[in-house]
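> Provide a 3D model corresponding to the input given below.
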Amino acid sequence: MRALTPVTLFELGNCATTLLILRATGLLYPGRSVADAAAVAVLLFAAHNLVGSALSYPAGHMVDRRGPRVVFGAGLVLFGAAYAGFAVSSHAWPVLLVFFALAGAGMGLTDTAESALVARLLPDELRGSGFGLLGGVQSLGDFVSSAAVGLVWTLVSPSAAFVLAAAWMLLSLGATLATGPGSKIRFSAPRTG
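This is a model prediction of the structure:
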């Protein structure tokens, strides 16, 4: 399914948010105890979730007006900016808060757009299967992404790991732009009777 290519590329770069917390803890550690750095990182993650939750409904409204492709693309840009920010070694919690907020905003937009894409592209008879396929792509992509980012983190550096994640966002954005606003997928529903 050509329409799922951008989603698949996105999920291959969408690493586990626990890696964001680990990165923030490592960046906050100089000058703080490990426990204090972890506590601040968890609070920053709470802001991530708050921003993502707050943007989900407006993102849905934007999908209704502009379509899922535009909202998904905007989410990719936000995620890419967040991951590029995490690649930089900033030790200031306000700067890290911006990166967490960008990732949270990206989450609010991409999650909403992915669901809307499946709902719009598939006929009623195949929608459940489509959501199942989307869930599989999301889970497998998140696993592969987190493993790849963790491996690069371990073998090269945390900065290189987040550059990799940002690069996947860029690839997904390119694929999103290439699909065009009028891309349709044709399915045939099973015949009964």
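> Mind listing residues that contact stretch 39-47?
Stretch 39-47 has contacts (CB atoms under 8 Å, 6 or more residues apart in numbering) with 17, 20-22, 24-25, 28, 32, 93, 96-97, 100-101, 104. In short, each C-beta sits where N, CA and C put it, glycine included.
> What remains of those if I keep only buried residues?
Among these, the ones that count as buried by 16 or more other CB atoms under 10 Å are 17, 20-22, 24-25, 28, 93, 96-97, 100-101, 104.
> what's the farthest-apart pair in the contacts of stretch 39-47?
Arg32 and Gly104 (22.8 Å; CB to CB).
> This structure: helices as residue ranges?
Using DSSP state H, the helices found in the chain span residues 5-13, 17-28, 34-66, 68-87, 93-121, 124-155, 158-179.
> TSV for those helices, including mean pLDDT?
Shown next, in TSV, are those (pLDDT from 0 to 100):
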stretch	mean pLDDT
helix 5-13	92
helix 17-28	95
helix 34-66	96
helix 68-87	96
helix 93-121	93
helix 124-155	91
helix 158-179	95
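> picking up where we left off before, identify, from the contacts of stretch 39-47, the entry nearest to Ala165.
For these, the residue nearest Ala165 by CB to CB is Leu20; the value is 9.9 Å.
> Quick one: residues contacting that closest one.
Here Leu20 is in contact with 45, 48, 86, 99-100, 103 (CB under 8 Å, 6+ apart).
> Out of the residues you listed, which end up buried?
Buried among those (16+ other CB under 10 Å): 45, 48, 86, 99-100, 103.
> Pipe the residues you listed into CSV and attach distance to Arg66 per row.
CSV is the format used below for these (distance: CB to CB, whole Å):
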residue, distance to Arg66
Phe45, 29
His48, 24
Phe86, 28
Phe99, 26
Phe100, 26
Ala103, 22
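> Which pair of those spans the longest distance?
The widest separation within these (CB to CB) is 12.4 Å, between Phe45 and Phe86.
> joint contacts of these two?
20, 24.
> The residue lying closest to Leu55 once chain neighbours are set aside and Ala82: what is the separation?
Spatial nearest neighbour of Leu55, chain neighbours left out: Gly108 (3.3 Å); criterion: CB to CB, 6 or more residues apart in numbering. Noted for Gly108: a distance of 12 Å to Ala82, by CB to CB, to the nearest Å.
> For Gly80, list the residues it contacts.
166, 169-170, 173.
> repeat that for 6 Å
Shown in contact with Gly80 (CB atoms under 6 Å, 6 or more residues apart in numbering): 166, 169-170.
> which one of those is nearest Asp124?
Met169 (32.3 Å).
> List the contacts of the closest one.
So Met169 contacts 13, 76, 79-80 (CB under 6 Å, 6+ apart).
> One more: Gly31?
Counting by CB under 6 Å, 6+ apart, Gly31 has no contacts.
> Next, give phi and psi for it.
Backbone torsions of Gly31, given as degrees, to the nearest 10, read phi 100, psi -10.
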